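Colleague: 3D, please:
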Amino acid sequence: MPTAIIADDERLMREQLRARLTEVWPELQVVAEAKNGAEAVAAVEQHHPDLAFLDIRMPGMTGIEAARHIADSCHVVFITAYNEYAVDAFEHGAVDYVLKPAEAERLAVTVTRLKRRLGSPPSDLRALLTQLSAKLEAAETSGTERNHLQWIQASVGQQLRLIPAAEVLFFRSDEKYTRVQTESFEALIRKPIKELIDELDPEQFWQIHRATIVNAKAISGVTRDFRGRQLVLIRGHAEKLEVSRNYTHLFKQM
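Modeller: Sure, this is the predicted structure:
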């Protein structure tokens, strides 16, 4: 049976990828998980897997740095939420990738390629890793490429759920929690609005109040109440969101 390790600093991401792999490749045995690159290298040395799924961005030793140590020992599959890295890796032709969060249909295509690779020695990744490392360093140094939050890990009842950020209609905070509202359910997170606004795509998510962020694509209109306050109307949702004075300029053309 083919074997693999999964390295990602987010537990929910590891669990999600493991579950999708079980669906599309039930013969694959995941023998270890790691939270960073150093743990991934140690897991490969201990278990000698056929494959290593490595998140490109991890604290401490990144997936790219880990790949330098293990690329001669097993086939590397990069995990990334950012298409620019995946495209580079894919076009190089020496490595496969998984876009987060992993979707069964897309992952099945990757698995088909991986099965063909297993009969051959691991590819020489030195040129590709140098290219990816330089791009990652340049993005972090210049700040020209911001990697925005792509998913939200939130509590729904007693369960943790992974919610694509694009599906969130709005975020509203109180003193303890931030409510995450989608079209079909609401969830809770502990991250405050002031942190969320720095991590979300500013082209899509607008702060309209010290306690509220709204998905601009979910706005159906703006109205005023009897006191003259602006209220944002959300598509398919009855709740109206107040716009504080500091953010009324966002809607001058509405």
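
Colleague: so what's residue 63 up against?
Modeller: Counting by C-beta atoms under 8 Å, 6 or more residues apart in numbering, residue 63 touches 7, 37, 40, 54-57, 78-79. Every residue, glycine included, has its C-beta placed from N, CA and C.

Colleague: Which secondary structure elements does the longest helix anywhere in the chain sit against?
Modeller: Counting residues, the longest helix found in the chain (DSSP state H) is helix 126-142. Applying 3 or more C-beta pairs under 8 Å, 6 or more residues apart in numbering; DSSP states H and E, one finds that helix 126-142 contacts helix 63-70, helix 83-92.

Colleague: Can you check what angle separates it from helix 63-70?
Modeller: Angle between the axes of helix 126-142 and helix 63-70 is 150 degrees (criterion: axes from the mean of the first three to the mean of the last three C-alpha atoms, to 10 degrees).

Colleague: going on from helix 126-142, what's the next piece of helix or strand?
Modeller: Per DSSP states H and E, the first helix or strand lying C-terminal to helix 126-142 is strand 151-156.

Colleague: packing partners for that following strand?
Modeller: strand 159-164, strand 186-189.

Colleague: what about it, distance to the chain center?
Modeller: 12 Å (C-alpha atoms, centre = their mean, to the nearest Å).

Colleague: circling back: dump the helices and strands packed on strand 151-156 into CSV; add mean pLDDT, mean neighbour count and distance to residue 239 as well.
Modeller: Below are the helices and strands packed on strand 151-156 laid out as CSV (pLDDT from 0 to 100; neighbours: other C-beta atoms under 10 Å; distance: least, C-beta to C-beta, whole Å):
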stretch, mean pLDDT, mean neighbour count, distance to residue 239
strand 159-164, 81, 14, 18
strand 186-189, 90, 16, 10
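
Colleague: okay, the ones you listed in CSV with distance to residue 14 next?
Modeller: As requested, the helices and strands packed on strand 151-156 are exported to CSV (distance: least, C-beta to C-beta, whole Å):
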stretch, distance to residue 14
strand 159-164, 11
strand 186-189, 19
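
Colleague: where in the protein is pLDDT low?
Modeller: Confidence mapping of the chain against pLDDT under 70 gives the ranges 82-94, 139-147, 253-254.
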